[in-house]
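J.: the following comprises the amino acid sequence and a computationally predicted model.
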Amino acid sequence: MPQADDAAIRARAVQVSRVVVTNGKDFGDLDFRSGLTHAGIVRLREESSVNRNRILQAVLAQCGDLLPSKVVVPSESQIRIRPVH
């Protein structure tokens, strides 16, 4: 969905129960404002693509079952998990 706006991407992800992986803060902000449930949002910071893939694999392995309705912000040293509600 390369031309879709954040709300459309979020709605589609909810519809098909998919985690949104993003580099931007706007998805997390959108969910905190809306309070709607979702399959999870992982916000990757400015990392190289190799680091992003490694960090995302670690998040899924360590926290995959915790993702629904959470915003996850991982880094090299920690994984921060914030509930939406």
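T.: That came through, no problem.
J.: going by C-alpha atoms from here, please, whenever you check contacts or count neighbours.
T.: Will do.
J.: ok, now which ones touch Q57?
T.: Q57 makes no contacts at all, as judged by C-alpha atoms under 8 Å, 6 or more residues apart in numbering.
J.: and it, what pLDDT?
T.: pLDDT for Q57: 90.
J.: in the chain, what helix or strand scores lowest on average pLDDT?
T.: helix 26-34 (a mean of 66; mean pLDDT, DSSP states H and E).
J.: in its sheet, what does the helix or strand just after that one sit against?
T.: Downstream of helix 26-34, the next assigned helix or strand under DSSP states H and E is strand 41-43. Taking DSSP bridges as the criterion, strand 41-43 forms sheet pairs with strand 20-22 (parallel), strand 70-74 (parallel).
J.: tell me which of those is the most buried.
T.: Among those, the stretch with the highest mean neighbour count (mean count of other C-alpha atoms under 10 Å) is strand 70-74, at a mean of 23.
J.: who touches it?
T.: Outside strand 70-74, the residues that reach it (C-alpha under 8 Å, 6+ apart) are 28, 38-45, 55-56, 59, 79-84.
J.: any regions of this protein where pLDDT drops low?
T.: Low-confidence segments of the chain (pLDDT under 70): 27-36, 84-85.
J.: max-length helix in this structure?
T.: The longest helix of the chain (DSSP state H) is helix 49-63.
J.: got the contact list for the closest residue in space to R45 that isn't next to it in sequence?
T.: Setting aside the residues directly before and after it, R45 is nearest to N23 in space (C-alpha to C-alpha, 6 or more residues apart in numbering), at 5.8 Å. Shown in contact with N23 (C-alpha under 8 Å, 6+ apart): 43-46.
J.: same question, V20
T.: Each residue near V20 by C-alpha under 8 Å, 6+ apart is listed here: 10, 13, 39-42.
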